[in-house]
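Asker: Pasting the sequence and the predicted model now:
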Amino acid sequence: MFSIFLGLTPFIFITFLGFIFGKLKVLDLSHAKILNLFLFYIAVPALIIRLLAQNEVGQVDLKQIISYLIMQSICGIIAYLITSKYFKRPVPESIIWSLTVALSNHVTLLLPITEIYFQQNVITQVASIILMDGVILLSVIAFFLELSTKKNVNLFTFFKNLFFNPFILSVIIGLLILLLNFNIDQTPIDYTLSRLAACVSPVGLFAIGIILSFYTVNIINKLSVSISVLKLIISPIILLLIGLLFFNSGLPSEIPGAFFVSVAPCGVTAIVLCSAYNVSPENIIKAIFVSTIASIGTIFLAIRYLTL
């Protein structure tokens, strides 16, 4: 049990370090934005390319992927309805709230933890969910945001921008490497990608800490708690019910990769979309903060159960 806690401490301390630097005014939101841009355009795409280039498509467990996709769709719709109908948030913000719940913080937080505690099969399923989210979920959310914020949506421009999205491009490059059977192991390309990929977790967590330091007033409120409960408690329950109903797999140990992602905190990609669509990130950042702190417990319990 202590070893699990010890393994989680670097992730907690790196976030706390960013928080301290923000509070001391050594770094501000503009610095966090630069770090996030580095992740968005360089480090995360490098991670995606490396994941795809090193994994065989045949290893993907469709039972877990489909269960997770259905679950996040349901929870995203619930988040949209709660925020738009009950909390009376504007449509664009509610759409971003749906992403906040549907998308876990799996790149900067969960994947590195998965690589510490789990075998390759679980790592592959987590990586597959990351890739699915990068292609399907972000594309769908971007489309609805375009519809809700612009009077006339130019489909050609939309799909052109979508194609040149760093996540989409990295998936295409990774798939080409995989399908053409290029072996990049032990090459300068692999070494470069691995070093960039290694930046994702520490840089991402440090940036989160900086951002959180500027939104410390009234963090625990009805909205942030409601979203956190939906993300950390209701989402895993829905996932297990879907697994049981469609695949006769209603135990966490039967869909470990999908279950582990479901207990992760809200995804930080929503913050980037707030900037792009002129939505105030304050409430979303507070929900990310609350869910991140609470997820220490859910991630700890999930590791404890799945590694018995």
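Answerer: Sure thing, it's come through.
Asker: in the stretch 201-308 of the chain, which spans are helices?
Answerer: Along the stretch 201-308 of the chain, counting by DSSP state H, counting those that start in this stretch, helices occupy 222-229, 235-247, 256-262, 269-276, 282-306.
Asker: Could you figure out how far the fourth one is turned away from helix 282-306?
Answerer: Spelled out, it's helix 269-276. Angle, helix 269-276 to helix 282-306, by axes from the mean of the first three to the mean of the last three Cα atoms, to 10 degrees: 160 degrees.
Asker: quick one: average confidence on helix 269-276?
Answerer: Taken as a whole, helix 269-276 has an average pLDDT of 78.
Asker: From the rest of the structure, what touches it?
Answerer: Contact partners of helix 269-276, identified using Cβ atoms under 8 Å, 6 or more residues apart in numbering, comprise 33, 36, 40, 96-97, 99-100, 103, 138, 141-142, 145, 211, 279-281, 284-285, 288. All C-beta spots, glycine's among them, are computed from the backbone N, C-alpha and C.
Asker: which helices and strands sit right next to the strand or helix carrying Ser73?
Answerer: In the assignment (DSSP states H and E), Ser73 maps to helix 62-81. Where contact means 3 or more Cβ pairs under 8 Å, 6 or more residues apart in numbering; DSSP states H and E, helix 62-81 is packed against helix 91-102, helix 120-132, helix 235-247, helix 256-262.
Asker: Show me what the shortest one is packed against.
Answerer: Taking 3+ Cβ pairs under 8 Å, 6+ apart as contact, the helices and strands that helix 256-262 lies on are helix 62-81, helix 120-132, helix 235-247, helix 282-306.
Asker: Which of those sits closest to Leu179?
Answerer: helix 120-132 (14.2 Å; Cβ to Cβ).
Asker: Flag every buried residue along that closest one.
Answerer: By 16 or more other Cβ atoms under 10 Å, the buried positions in helix 120-132 come out as Val122, Ile123, Thr124, Gln125, Val126, Ala127, Ser128, Ile129, Ile130, Leu131, Met132.
Asker: what distance separates the lowest-mean-pLDDT helix or strand in the chain from the centre of its chain?
Answerer: Least confident helix or strand, the chain: helix 155-163 with a mean of 72, by mean pLDDT, DSSP states H and E. Computed by Cα atoms, centre = their mean, to the nearest Å, the chain-centroid distance of helix 155-163 equals 23 Å.
Asker: what residues does it touch?
Answerer: Contact partners of helix 155-163, identified using Cβ under 8 Å, 6+ apart, comprise Ser139, Ala142, Phe143, Glu146, Ile168, Leu169.
Asker: Does the last one touch Pro45 like I think?
Answerer: Yes: taking Cβ atoms under 8 Å as the contact criterion, Leu169 and Pro45 are neighbours in contact, 6.8 Å apart.
Asker: Which one of the two is surrounded by more residues?
Answerer: Each of Leu169 and Pro45 has its neighbours counted (other Cβ atoms under 10 Å); Pro45 has more, 24 against 14.
Asker: The closest residue to that one other than its chain neighbours: neighbouring residues, count only.
Answerer: Sequence neighbours aside, Ser170 is the residue nearest to Pro45 in space, at 3.5 Å (criterion: Cβ to Cβ, 6 or more residues apart in numbering). Using other Cβ under 10 Å, Ser170 has 22 other residues around it.
Asker: how far away is Ser170 from Leu131?
Answerer: 9 Å (Cβ to Cβ, to the nearest Å).
Asker: Could you pull out the residues contacting both of the two?
Answerer: Residues touching both Ser170 and Leu131 (Cβ under 8 Å, 6+ apart): Ile48.
Asker: Show the contacting residues for Leu306.
Answerer: Shown in contact with Leu306 (Cβ under 8 Å, 6+ apart): Phe118, Val122, Pro252, Ser253, Pro256, Phe259, Phe260.
Asker: okay, it: pLDDT?
Answerer: The confidence metric pLDDT takes the value 91 at Leu306.
Asker: May I have the residues that are in contact with the residue lying closest to Gly22 once chain neighbours are set aside?
Answerer: Distance criterion Cβ to Cβ, 6+ apart; nearest residue to Gly22, sequence neighbours excluded, is Ser213 at 2.9 Å. By Cβ under 8 Å, 6+ apart, the contact list for Ser213 reads Gly18, Phe19, Ile20, Phe21, Gly22, Lys23.
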